[in-house]
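Participant: My questions are about this predicted structure, shown below with the sequence.
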Amino acid sequence: MRIGELAATVGVTTRAVRHYHHQGLLPEPERLSNGYRQYTLRHAVALARIRRLTELGLGLAEVRDVLAEDAGKDLAEVLTELDEDLARQEAAIRERRSRLRALLEAEGGLSADAPVSPELAALFERTASLPDSPMAAKDREVLALVATAAAPEDRDRLMTAIGAVVGSPETVARTHEAYALLDQLVDADPADPRVEAAALLLAECTPAQLLPDAGALDHDNSFLRAFYADFAPAQAAAIRRALRILAEERRTEEQPCPQP
């Protein structure tokens, strides 16, 4: 058989056959005097097995292990690992579909913040009836960013902290006072006295769990630079001052009590 006939017999492309030769999976037959390769039934049998293994989802390196006489893993071990990997993929797909259903079946349709985690969407829903504020909208965007990028344990801590804020009507009211004051600073000078008032109010409303690592505030942090740059100068000054107030409060709390 010529290469085209071999490929057609097994149901693959001639390009695949050449690739398997290149990868060392399929031995190359000797060339005839006319320069053409002459494939035998043994080549077709080997090629068919390669096709069956790849259709199961094995990578070419795994196929090589299975085909090699001195393979480090036998077929049962390779297939068991593949089955476990597929089980993990199935679980991930089920989780993704569950999140999609929650988004599609949400009361009132998709929110402007979608898609976010169900936990964060529920927290946003609890504040949906509060007055609109450009600063509040930015806050939601930043929370969605942090919740997306955070490690699972940090995300849980974040959700707990936000839940505590949302669960307190007094804190929610003070938070929106802070939003309103920050909104007023959009065209203000950083030296405006309202900057300090906004910083104090914002620090009062911000849970300690949302504070970045205290050391990050004293170093050239690229995320904080980008974060501050997204606000007007006076707003950025108020937020920067609030974070410093919170960092100082944390340092004070962490200091050991004087011994009597």
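Facilitator: On my side now, so go ahead.

Participant: tell me the domain ranges of this protein?
Facilitator: 3-71, 110-254 (automatic domain parsing).

Participant: between the ones you listed, which one is nearest to A92?
Facilitator: With Cβ to Cβ as the criterion, A92 lies closest to domain 110-254 of those, at 14.0 Å. Where C-beta positions appear, they are placed from N, C-alpha and C, glycine not excepted.

Participant: Need the domains of the chain in a markdown table (columns: mean pLDDT).
Facilitator: Formatted as a markdown table, the domains of the chain follow (pLDDT from 0 to 100):
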| stretch | mean pLDDT |
| --- | --- |
| domain 3-71 | 87 |
| domain 110-254 | 79 |
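
Participant: Could you provide these in JSON lines, with additional columns for mean neighbour count?
Facilitator: Shown next, in JSON lines, are the domains of the chain (neighbours: other Cβ atoms under 10 Å):
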{"stretch": "domain 3-71", "mean neighbour count": "14"}
{"stretch": "domain 110-254", "mean neighbour count": "15"}
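
Participant: So which of these is nearest R97?
Facilitator: R97 lies closest, by Cβ to Cβ, to one member of the domains of the chain: domain 110-254, at 12.8 Å.

Participant: Would you quantify the distance from L104 to R97?
Facilitator: Applying Cβ to Cβ, to the nearest Å, the value for L104 to R97 is 10 Å.

Participant: Now the common contact residues for these two.
Facilitator: Common contact partners of L104 and R97 (Cβ atoms under 8 Å, 6 or more residues apart in numbering): none.

Participant: Kindly present the domains of the chain as a markdown table, with separate columns for distance to T80.
Facilitator: Formatted as a markdown table, those follow (distance: least, Cβ to Cβ, whole Å):
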| stretch | distance to T80 |
| --- | --- |
| domain 3-71 | 12 |
| domain 110-254 | 28 |
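
Participant: Give me the helices and strands touching the lengthiest helix in the chain, please.
Facilitator: For the chain, the longest helix by residue count, based on DSSP state H, is helix 75-104. When contacts are defined as 3 or more Cβ pairs under 8 Å, 6 or more residues apart in numbering; DSSP states H and E, helix 75-104 sits against helix 60-67, helix 118-126.

Participant: With adjacent residues omitted, what lies nearest to A237?
Facilitator: P190 (4.2 Å; Cβ to Cβ, 6 or more residues apart in numbering).

Participant: on that earlier part again, could you dump the helices and strands packed on helix 75-104 to CSV with distance to E77?
Facilitator: CSV is the format used below for the helices and strands packed on helix 75-104 (distance: least, Cβ to Cβ, whole Å):
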stretch, distance to E77
helix 60-67, 9
helix 118-126, 38
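
Participant: Noted, bye for now.
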